[in-house]
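Student: Okay, structure incoming, though there's no sequence with it:
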């Protein structure tokens, strides 16, 4: 069973947790939905699509159920609920999804650069690591989230097809 390293209550701010065992970043869905002005009951959609990936916890303080989904699945979750959102929430959700895709593209570019044997590229990477080690470490952690197979994300077009 997945265990979060910290609890969060639904709020208008995005809530992230880091699973110390797997180094996986999870996002609390009630907070995500609140931040885009969407009803929090849409978090239950993730339970159907990503049952094995979803961490569900009861928050005694707020007396609510908290749903944590790995950050790499957030764009797919947004795509899954997009048609159920108001126009304003849809615009916010689309912007957030596009931001996740931009981070993924940047992470993929970093992965490609770190796998090169070009002395010039390796020199630039070394300078980056030396000049901003915390930023580089955070980028590596995010890159690891998107490096995992995206094949795990359910495809609504193929669901139910054997």
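Tutor: That came through, no problem. Please read these numbers as outputs of a predicted model, since none were measured by experiment. Residues are numbered from 1 along each chain as shown.
Student: Quick check: residue 14 is in a helix.
Tutor: No. Read with DSSP: H, G, I helix; E, B strand; the rest coil, residue 14 is coil and lies in no helix.
Student: For residue 121, see how far away it is.
Tutor: Counting by Cβ to Cβ, to the nearest Å, the separation of residue 14 from residue 121 is 33 Å. Every C-beta, even on glycine, is put in place using the N, C-alpha and C of the backbone.
Student: same question, residue 127
Tutor: Taking Cβ to Cβ, one finds residue 127 at 11 Å from residue 121.
Student: With neighbour numbers in mind, choose between those two.
Tutor: residue 121 (14 against 10; other Cβ atoms under 10 Å).
Student: wait, the more buried one sits on residue 113?
Tutor: Yes. Assessed by Cβ atoms under 8 Å, residue 121 is found in contact with residue 113 at 5.6 Å.
Student: Neighbouring strands - and their directions - for the longest strand anywhere in the chain?
Tutor: Ranked by residue count and defined by DSSP state E, the top strand of the chain is strand 64-70. Sheet pairing for strand 64-70, assigned by DSSP bridges, gives strand 24-28 (antiparallel), strand 55-59 (antiparallel).
Student: and it, what's its mean pLDDT?
Tutor: Average pLDDT, strand 64-70: 88.
Student: so how far is it off the chain centroid?
Tutor: Counting by Cα atoms, centre = their mean, to the nearest Å, strand 64-70 is centred 12 Å from the centre of its parent chain.
Student: Toward the C-terminus, what is the element adjacent to it?
Tutor: Sequence-wise, the next helix or strand downstream of strand 64-70 (DSSP states H and E) is helix 74-81.
Student: Toward the C-terminus from that following helix, list the very next helix or strand.
Tutor: That would be, after helix 74-81 and using DSSP H and E, helix 87-114.
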